[in-house]
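*Asks:* return atomic coordinates for the entry below.
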Amino acid sequence: MSPQSPQASYTITYRSTWKFLSRTGALLFAIGLLVVIASKGFDHPRLMGLVTLFDPDLEYNFPSLFRVFVWLFSGLLLRAIALDAWSKTHALRIPWSVLSWGILYMAVDDGFAIHENLMPPLARILPESVRSGPFHFAWVIPGLMVILWAGIYFRRFLFELPKPYGIRFFVSGVVFLSGSVGMEMIDGCYAGHHGMDNLPYGLQTWFEEALELTGALLLVRTLLIYLNEYLPDIQVRFRER
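*Replies:* Numbering: from 1, shown residues only. Next up is the predicted model:
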């Protein structure tokens, strides 16, 4: 008979988790704003390596890793809600699952820059007049199609949630899409006419990334509040099979 392993208990509190994530995000983007101003406005393209580490428009640095972490954390929270909904045959179990996998994909996309890699082949088939406008970053075109599908698919889901949560999900989505698509189209118009190596473009991309992260953090906050109210005693167990 094998000896029993001692059980360890870990508690995630809504307030402490939200404080850590929101303060970390605010700090990273405050530093990011400073390096954008220094690199684009005062011609310090490296700034002792800080630009590479903290410019939120670049990949594989601290802001990028933090975004991936936030998406992963959101996806795992959604998976917990979805699994609970399936165990209770809840009417919204399928939308919860679709949303959870979609958010986990966001983490993969942000980590590997998948949508950025769509731009070169799409841009080659667009006329020059289009590439100098809102669709300068060509991935926006399939992105708008996905948004249209998601809006239709999740409309009923938002209305069937308790009203405060439907509103919170909607607001977090609007804030995120205002940055990821809205500001991206504005950035594309500006870049098509004025280029990217200047301070106004740097500030626009900083604001775009800030909106995206704010939307993601608002989603985390909504999920933490939801779990605290409806699934306060949820447990994670590990077993061989």
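*Asks:* alpha carbons only for contacts and neighbour counts from here, please
*Replies:* Fine.
*Asks:* R46 - how many residues pack around it?
*Replies:* Under the neighbour criterion other C-alpha atoms under 10 Å, R46 is assigned a count of 13.
*Asks:* what residues are up against it?
*Replies:* Under the criterion of C-alpha atoms under 8 Å, 6 or more residues apart in numbering, the contact partners of R46 comprise S39, T52.
*Asks:* check the secondary structure at it for me.
*Replies:* Here R46 is recorded as coil under DSSP: H, G, I helix; E, B strand; the rest coil.
*Asks:* separation between it and P56?
*Replies:* Using C-alpha to C-alpha, to the nearest Å, one gets 14 Å for the distance from R46 to P56.
*Asks:* not counting sequence-adjacent ones, nearest residue to L21?
*Replies:* When the adjacent residues along the chain are set aside, L21 lies closest to L217, with 7.4 Å between them (C-alpha to C-alpha, 6 or more residues apart in numbering).
*Asks:* buried set for the helix or strand harbouring the one you found?
*Replies:* Assigned by DSSP states H and E, L217 falls within helix 199-230. Within helix 199-230, the residues that count as buried by 16 or more other C-alpha atoms under 10 Å are 199-227.
*Asks:* stretch 95-107 now?
*Replies:* Judged by neighbour count using 16+ other C-alpha under 10 Å, the buried positions of stretch 95-107 are P95, W96, S97, V98, L99, S100, W101, I103, L104, M106, A107.
*Asks:* tell me the confidence at the residue most central in space within the chain?
*Replies:* Most central residue of the chain, judged by C-alpha distance to the mean C-alpha position with C-alpha atoms, centre = their mean, is A216 at 4.4 Å. pLDDT, A216: 97.
*Asks:* likewise I234?
*Replies:* On the pLDDT scale, I234 is placed at 76.
*Asks:* distance of it relative to Y165?
*Replies:* Taking C-alpha to C-alpha as the measure, I234 falls 19 Å from Y165.
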